[in-house]
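**Student:** Provide a 3D model corresponding to the input given below.
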Amino acid sequence: MSKKQYHLQKYIQDAANLEKNYQDKNWEKLCRLLIDELLFSIQDIPFRMIIDNYLRLNIFFHGDMKINSISWHYTADSNLIEGCRTYSFRFPNVCDPSLYQTFNIHAKNLFQKSKEWRHHSDVWYNYLGKNLLQFIGQYLDIQRIVHMEYSPITKLFVNQREERVDIYFYFKSINTNITITFEPGPPSRTA
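**Tutor:** Presented below is the predicted three-dimensional model:
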């Protein structure tokens, strides 16, 4: 390989790496915007109290949260799924729906099409990165909710078409999942 060919190949490789890193950094910022907007709406939800006083006793929970002076309905329940205790929280999607388009689900190094159906749909994508998942767990201080001292295994699934996000937290030592789902929904049904 001549010196000229080497420099041309190196230039092409550096440009490709620069473009990839540039897109990844901007993508992370956009994802944080979406996740932060969703998570901000639930940061004051008393997860620990709901689990301790309702879900551990197998009592279905429903509540309301106020966002921009509008009351929104959310639910929580507990199930035993394949021997694993699962606490599920379902929240309305209160963010701007156009933000879902910021997820570049076709970026092979960031998302992978889920092989399993979720919520009767096959258009879910699993986030493959790590930084955003750590951010989500830290933001919610999720381990404190189940009285643990370590961070869980976290997974993020996105469904652009239905404007939904599922976040799974798995605590292996206590065989427990916490799922947080954001889905389209109307404001509260209560006055």
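**Student:** in the chain, where is pLDDT below threshold?
**Tutor:** Across the chain, the ranges flagged by pLDDT under 70 are 1-33, 108, 188-191.
**Student:** now do the helices in the protein.
**Tutor:** 3-42, 47-53, 131-140, 142-145 (DSSP state H).
**Student:** now the second one: buried residues?
**Tutor:** Translated: helix 47-53. F47, I50, I51 (16 or more other CB atoms under 10 Å). Every residue, glycine included, has its C-beta placed from N, CA and C.
**Student:** helices or strands next to it in the packing?
**Tutor:** Under the contact criterion of 3 or more CB pairs under 8 Å, 6 or more residues apart in numbering; DSSP states H and E, helix 47-53 touches strand 70-81, strand 84-92, helix 142-145.
**Student:** can you rerun that using 10 Å?
**Tutor:** Judged by 3 or more CB pairs under 10 Å, 6 or more residues apart in numbering; DSSP states H and E, helix 47-53 is in contact with strand 61-67, strand 70-81, strand 84-92, helix 142-145, strand 176-183.
**Student:** repeat for the last one
**Tutor:** In terms of contacts (3+ CB pairs under 10 Å, 6+ apart), helix 142-145 is packed against helix 47-53, strand 164-171, strand 176-183.
**Student:** so how far is the first one off the chain centroid?
**Tutor:** Going back to what we said before, that points to helix 47-53. 20 Å (CA atoms, centre = their mean, to the nearest Å).
**Student:** also the last one?
**Tutor:** On the basis of CA atoms, centre = their mean, strand 176-183 sits 8 Å off its chain's mean C-alpha point.
**Student:** just the helices and strands packed on helix 47-53: most buried one?
**Tutor:** strand 176-183 (a mean of 21; mean count of other CB atoms under 10 Å).
**Student:** what is that one packed up against?
**Tutor:** Under the contact definition 3+ CB pairs under 10 Å, 6+ apart, strand 176-183 sits against helix 3-42, helix 47-53, strand 70-81, strand 84-92, helix 131-140, helix 142-145, strand 153-159, strand 164-171.
**Student:** OK, contacts around Y139?
**Tutor:** For Y139, the contact set (CB atoms under 10 Å, 6 or more residues apart in numbering) comprises R32, I35, D36, L39, F40, I42, Q43.
**Student:** how close does the second one get to P46?
**Tutor:** With distances taken as CB to CB, to the nearest Å, I35 is found 21 Å from P46.
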